[in-house]
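pasting the sequence and the predicted model now:
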Amino acid sequence: MDKVLKGVRILSLALNLPGPAALMRCQNMGARCTKLEPPPSRPTSASGDPMASYNPQAYKHMHEGVRTIVADLKSEAGQKSLHKLLAKTDVLLTSFRPSALVKLGLGWKQLSAQYPTLSVVQIVGAPGQQAEEPGHDLTYLAANDLITGLDLPPTLYADMGGSLIASEAVLKAHLHFLRTGRGLLQEVALSDAAAYLALPRRWGLTRADGTVGGAHAGYRVYACKNGRVALAALEPHFARALGNLMGLNISSGDSMQDRATHQCVEQFMASRTRRQLDALAAKHDIPLLTLA
């Protein structure tokens, strides 16, 4: 079942992170993946994909098992190479703005008329008309209240979330073809991926007064004697186990939101080392992870 895309032929024109990450997932599911890259912009560049220049390790990881071909799609020879591949492709993956696709002769109407069984997954920054506007992972996260203070997020949530949705779109396209014998157009917007990831925050779960945003004393990061501890004693039985360990009677979820309970847990964690907390967690079945 892990090779559900076995035999499905995917051609990708997508550069940077979301497209190649989606292609990596599809390749892991058994798809036959080919990527068409532009010529390197500089003689010293190893690839026309910017990712290969600013993070060769990431580029290599995402392209393991992927057949890579260099072609300038703005040239006659490049267009010839592209259409030779399209004739043998089941799903085309792109990450250009819609206007750029039309200029390259890759608009959906034209493609579907020429290749009726071909599906297209278009990765864009934002949906509809906003797809023509510039943006990046950081701006999509900011628009969905996922940036706090001046710190950058620890990972590229919109890009990686978008890659998951794009690989899901490939699966949908394959199912659609098996059912109808025709191709399908799907648009995957990175801003929509950010909005989906932001739902718990929109629901209030991860805000400061939310259960998993800091209001619950059993779900927080605390300082300990020689590091930090990520405590996740959220469910009632975990909270009670934590309370019993500290000599507290935790009768309800509200008890874990009392200021006094927060102070008690904070003092308990600060008075113990990582090794002591790890041992207590294992003995009393409490979910926590100590950190340097």
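Sure thing, it's come through. Treat the numbers as computed from the prediction; the structure is a model and nothing was measured.

from here on, contacts and neighbour counts on C-alpha atoms
OK.

and the residue located most distally from the centre of the chain, how close does it get to residue 73?
When each C-alpha in the chain is compared with the mean C-alpha position (Cα atoms, centre = their mean), residue 247 comes out farthest, at 41.5 Å. Computed as Cα to Cα, to the nearest Å, the residue 247 to residue 73 distance reads 69 Å.

ditto for residue 98
In this view, residue 98 and residue 73 are 15 Å apart by Cα to Cα.

how about the helices in the stretch 1-150 of the chain?
18-28, 50-54, 56-62, 76-86, 98-103, 108-114, 137-143 (DSSP state H, counting those that start in this stretch).

possible to save those as a markdown table with mean neighbour count and mean pLDDT?
Formatted as a markdown table, the entries for these read as follows, by neighbours: other Cα atoms under 10 Å; pLDDT from 0 to 100:
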| stretch | mean neighbour count | mean pLDDT |
| --- | --- | --- |
| helix 18-28 | 25 | 98 |
| helix 50-54 | 16 | 92 |
| helix 56-62 | 15 | 96 |
| helix 76-86 | 15 | 97 |
| helix 98-103 | 14 | 95 |
| helix 108-114 | 15 | 96 |
| helix 137-143 | 18 | 97 |
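
all strands for the stretch 101-250 of the chain, in order.
The residue ranges that make up the strands of the stretch 101-250 of the chain, judged by DSSP state E, counting those that start in this stretch, are 119-124, 185-189, 219-224, 227-232.

which residues sit in contact with the residue nearest to residue 140 when sequence neighbours are not counted?
Distance criterion Cα to Cα, 6 or more residues apart in numbering; nearest residue to residue 140, sequence neighbours excluded, is residue 191 at 5.0 Å. Going by Cα atoms under 8 Å, 6 or more residues apart in numbering, residue 191 touches 125, 126, 127, 140, 141, 158.

nearest to residue 4, of those residues?
Within the contacts of residue 191, distances to residue 4 taken as Cα to Cα reach their minimum at residue 158, with 25.3 Å.

thinking that closest one is in contact with residue 139, fair?
No - counting by Cα atoms under 8 Å, residue 139 is not a contact partner of residue 158; they are 9.4 Å apart.

between those two, which contacts overlap?
Common neighbours of residue 158 and residue 139 (Cα under 8 Å, 6+ apart) do not exist.

who's in contact with whichever helix in the chain runs longest?
Scanning the chain for the helix with the most residues, using DSSP state H, yields helix 157-180. Contacts of helix 157-180 with the rest of the structure, by Cα under 8 Å, 6+ apart, involve 5, 8, 17-19, 21-23, 25-26, 91, 117, 119, 121, 123, 137-138, 140-141, 182-186, 188-194, 197.

repeat for stretch 61-73
Stretch 61-73 is touched from outside by 20-21, 23-24, 27, 32-39, 48, 77-79, 81-82, 104, with contacts defined as Cα under 8 Å, 6+ apart.

check the separation of the first and last residues in that stretch.
End to end - Cα to Cα - stretch 61-73 spans 25 Å.

give me the buried stretch members for it, please.
For stretch 61-73, burial by neighbour count (16 or more other Cα atoms under 10 Å) applies to 62, 63, 66, 71, 72, 73.
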